[in-house]
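Visitor: Okay, here's the prediction I keep looking at, along with the sequence it came from:
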Number of protein chains: 2
Amino acid sequence: MEEQKRTDVNTLGEFGLIEHLTKGFENKNESTIYGVGDDAAVIARDGDILTVVSTDMLMEGIHFDLAYTPLKHLGHKAISVNVSDIYAMNAIPEQVTVSIAISNRFSVEALEELYAGIRVACKDYNVDLVGGDTTSSIKGIAISVTAIGKVHKDKITYRNTAKPGDIICITGNVGAAYLGLQLLEREKQIFLENPEVKPDLDDQNYLVGRQLKPTARRDMIILFGKSKIVPTSMIDISDGVASELFHICKQSGVGAILEENGMPLHPKTEEMAFNFKMDPATVALSGGEDYELLFTIKPEDLEIIKYLPDIYISGDIVEKEEGIKLHTKGGNIHDLKAQGWKHFGKE
Amino acid sequence: MEEQKRTDVNTLGEFGLIEHLTKGFENKNESTIYGVGDDAAVIARDGDILTVVSTDMLMEGIHFDLAYTPLKHLGHKAISVNVSDIYAMNAIPEQVTVSIAISNRFSVEALEELYAGIRVACKDYNVDLVGGDTTSSIKGIAISVTAIGKVHKDKITYRNTAKPGDIICITGNVGAAYLGLQLLEREKQIFLENPEVKPDLDDQNYLVGRQLKPTARRDMIILFGKSKIVPTSMIDISDGVASELFHICKQSGVGAILEENGMPLHPKTEEMAFNFKMDPATVALSGGEDYELLFTIKPEDLEIIKYLPDIYISGDIVEKEEGIKLHTKGGNIHDLKAQGWKHFGKE
């Protein structure tokens, strides 16, 4: 008897898997401007305004651990990570839908907490909750959010449009959310081993806050509009700087030289990296969930960008043949490594 | 010590829960025309065309049982139930996003099967797959689909706009999907008790097919357009005729008299109801997942509607004070009961 072929999902990687599964789907509607492959899909309206749509699913035990994630923060984060994808198209989100699957382990009061966070996020990002679904699960909680935004067709910013000569920029600072997660995991272990010990995270509000309540960069999109800057490409940093830069380079057909000196690190991030005996640069490059923006600009826009707050010049886009390299503080140049891939859970 | 209040989610019911959680969310964007409370949300474009958005989450063990649901059918159904919500707004879906969370129990080949069904559905309904998310779960599979469609502002059909004097119509036939599920559950029990017995469902292709591969009524929306009919209200039948009629009546502030004689039943449905010792009328009224359309028309449109195929006249909208009644075959009139509520699973 012939055995049925069984390929483990981990062999393809998350992005390879999506690509593999959606290969051969052909778009048939004129209104479909851009489908799978960017931070959000793009749909034509009647005039010059485009609709952008992004969706994300958060699963308990994979994306969050309720042992240290307050439900209010979780609700806020679920909205933040989705509107972040809309901002990454240089668009402004206006609506969200939220679907939640829960087991009866969760009370109405628990859901009220979750929705309190969703409510604050809707206010923070000025988006309207317009729909959703509340259903049951056998185990745990699953949250699916879809965000819908709009942008003028001359301002939309894709991943696949970076050009050699463009300058790489990063907003805010990176690596903090990753270290926040390490801190929370460490305190959880200590608690599990000795429930008498009270968690001591008071000094680490900044790092823990970056993990539990990230802020999507609405302010940057407004700043770009005011400064008349349209990035040549953009992506939000969910999987880490290196991984996101790989997406831009692969999809744009270009190479890059990233400056280790150009990685914006918060003092708390540097301090904690040393504390954990980690290299701060590695934390900055591979730590995910900062929800900052990685984007490229035309060289002539540098004069404007360098006077804008909270934007850091981090490298250059080069020809594809030159590869994707890291220029270290020590002056060496070597291949950049991306480690953004998370494994599928075992059942 | 004061004990924290804990209200079980089942006390509010699914619709009560959504209402409770989204109460006090205020819409701030001009483009938000209609939010929570109908089959889909409605968003303004620039001209007279509106965007409608609907989202649904399907959870393994709650919405489907992989013991008897082929993954290809599951993929098709996930799309069907969502585009059905778009049709229920008298709109045409054009795009879908699909997010899937899976544990590593599922192979790439299994996902290919699922996507094969999604692909067929996209073709059947002429929609483009424009985005999504593939992520891990600790256990089981979760599917979240968002559908996006469009409709002219003069044709959009809400739930809350039925008026006394309007005529109630139902497309296709109802109750079949529910009996299909009963058949599948029965065969599953027989199999669990004696794995040697082969399932015998060959005679029941129709009923089982209605459960496993429902068809959303794209054809009806096209027919309405050609016949220049705009229903005065509409909803798709996912929870059962009675439950859907309650939504229309409650949201429109009207009553209704439903004719038991006006419940369209397939001969196979009647036969199998008797076989299961169930009342066919109860099956028709309370059985869910048919994904047919329940709608109301102005009395003057009756002359057009009655010559259209596969549409059944099923009752009348009356003043709110008259209540929501069932006129039985025996000539009695009594209160209609809705039993569309499913309990949240125990963990």
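Guide: Arrived safely, thanks for sending. Residues are numbered from 1 along each chain as shown, chains lettered A, B, ... in the order given.
Visitor: C-alpha only now, for contacts and for neighbours.
Guide: Will do.
Visitor: mind checking which helix or strand of chain A has the lowest mean pLDDT?
Guide: Least confident helix or strand of chain A, by mean pLDDT, DSSP states H and E, is helix A:13-22 with a mean of 81.
Visitor: check whether whichever helix or strand comes after that helix contacts chain B.
Guide: The helix or strand immediately downstream of helix A:13-22 is strand A:32-34, counting by DSSP states H and E. Yes. Using CA under 8 Å from any CA of the partner chain, we find that strand A:32-34 touches chain B at A:32, A:34.
Visitor: Parallel or antiparallel, which strands does strand A:32-34 pair with?
Guide: Using DSSP bridges, strand A:32-34 pairs in its sheet with strand A:41-44 (antiparallel).
Visitor: what's the partner strand in contact with?
Guide: The contact list for strand A:41-44, computed with CA atoms under 8 Å, 6 or more residues apart in numbering or on different chains, reads A:30-35, A:50-54, B:130-131.
Visitor: most neighbours, which of the residues you listed?
Guide: Within the contacts of strand A:41-44, residue A:53 tops the neighbour count with 31 neighbours, counted by other CA atoms under 10 Å in any protein chain shown.
Visitor: hang on, that residue in a strand?
Guide: Yes. Judged by DSSP: H, G, I helix; E, B strand; the rest coil, residue A:53 forms part of a strand.
Visitor: Leaving out the residues flanking it, which one is nearest to the residue nearest to the spatial centre of chain A?
Guide: Among the residues of chain A, residue A:238 comes closest to the average C-alpha position under CA atoms, centre = their mean, at 2.4 Å. Distances taken as CA to CA, 6 or more residues apart in numbering or on different chains put residue A:289 closest to residue A:238, at 4.3 Å, once the chain neighbours are dropped.
Visitor: again, but for residue A:315
Guide: Using CA to CA, 6+ apart, the closest residue to residue A:315 is residue A:258 (4.4 Å).
Visitor: Is the one you found bridged to anything, and to what?
Guide: Assigned bridge partners for residue A:258, using DSSP bridges, are residue A:315, residue A:326.
Visitor: Hmm, residue A:318 and it touching each other?
Guide: No. Taking contacts as CA atoms under 8 Å, residue A:258 lies outside contact range of residue A:318: 10.3 Å.
Visitor: So for these two, which sits in the more crowded spot?
Guide: Using other CA under 10 Å as the criterion, residue A:258 and residue A:318 rank with residue A:258 on top: 28 against 22.
Visitor: quick one: pLDDT of that one?
Guide: Note on residue A:258: pLDDT of 97.
Visitor: contacting residues for it?
Guide: A:168, A:314-316, A:324-327.
Visitor: So the residue nearest to the centre of chain A: helix, strand or coil?
Guide: Per three-state DSSP, residue A:238 ends up coil.
Visitor: which other residues reach stretch A:331-339?
Guide: Stretch A:331-339 has contacts (CA under 8 Å, 6+ apart) with A:240, A:242-243, A:246, A:286, A:323-327.
Visitor: tell me the mean pLDDT for it?
Guide: Per-residue pLDDT over stretch A:331-339 has a mean of 88.
Visitor: could you dump it to CSV, C-alpha only?
Guide: Output in CSV follows, covering the C-alpha atoms of stretch A:331-339 (Å, rounded to 0.1, in the frame of the first residue of the first chain):
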residue,chain,number,x,y,z
GLY,A,331,34.1,47.8,10.8
ASN,A,332,33.5,44.3,9.4
ILE,A,333,30.9,43.5,6.8
HIS,A,334,29.2,40.2,6.8
ASP,A,335,25.9,38.6,5.6
LEU,A,336,22.9,39.6,7.6
LYS,A,337,21.0,36.7,9.2
ALA,A,338,17.2,36.7,9.6
GLN,A,339,15.8,34.7,12.5
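Visitor: Using neighbour counts, pick out the buried residues of that stretch.
Guide: For stretch A:331-339, burial by neighbour count (16 or more other CA atoms under 10 Å in any protein chain shown) applies to A:336, A:338.
Visitor: starting at the chain centroid, how far to it?
Guide: Centroid displacement of stretch A:331-339 relative to its chain, using CA atoms, centre = their mean, to the nearest Å, is 21 Å.
Visitor: Over to stretch A:113-131?
Guide: So, by CA atoms, centre = their mean, the centroid of stretch A:113-131 is 19 Å from its chain's centroid.
Visitor: do the same with stretch A:28-35
Guide: Distance of stretch A:28-35 from the chain centroid (CA atoms, centre = their mean) equals 25 Å.
Visitor: returning to what we had before: for the contacts of residue A:258, pick the one with the most neighbours.
Guide: Most neighbours among the contacts of residue A:258, by other CA under 10 Å: residue A:168, with 28 neighbours.
Visitor: Help me confirm that that one is found in a helix?
Guide: No. Assessed by three-state DSSP, residue A:168 does not belong to a helix; its assignment is strand.
Visitor: quick revisit: let me have the contacts of residue A:258 in TSV, extended by pLDDT.
Guide: As requested, these are exported to TSV (pLDDT from 0 to 100):
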residue	pLDDT
A:168	98
A:314	97
A:315	97
A:316	98
A:324	97
A:325	97
A:326	96
A:327	97
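Visitor: how does chain A divide into domains?
Guide: A:9-152, A:167-335 (automatic domain parsing).
Visitor: quick one: the helices in the stretch 151-300 of chain A?
Guide: Ranges of helices in the stretch 151-300 of chain A, per DSSP state H, counting those that start in this stretch, are A:176-193, A:205-212, A:218-226, A:241-252, A:267-275, A:280-286.
Visitor: could you dump the ones you listed to TSV with mean pLDDT, distance to residue B:89 and mean neighbour count?
Guide: Below are these laid out as TSV (pLDDT from 0 to 100; distance: least, CA to CA, whole Å; neighbours: other CA atoms under 10 Å in any protein chain shown):
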stretch	mean pLDDT	distance to residue B:89	mean neighbour count
helix A:176-193	92	42	19
helix A:205-212	95	38	20
helix A:218-226	98	32	16
helix A:241-252	95	37	22
helix A:267-275	95	50	16
helix A:280-286	92	45	22
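Visitor: need those in TSV with distance to residue B:308, can you?
Guide: What follows is the helices of the stretch 151-300 of chain A, written out as TSV (distance: least, CA to CA, whole Å):
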stretch	distance to residue B:308
helix A:176-193	60
helix A:205-212	56
helix A:218-226	51
helix A:241-252	50
helix A:267-275	68
helix A:280-286	61
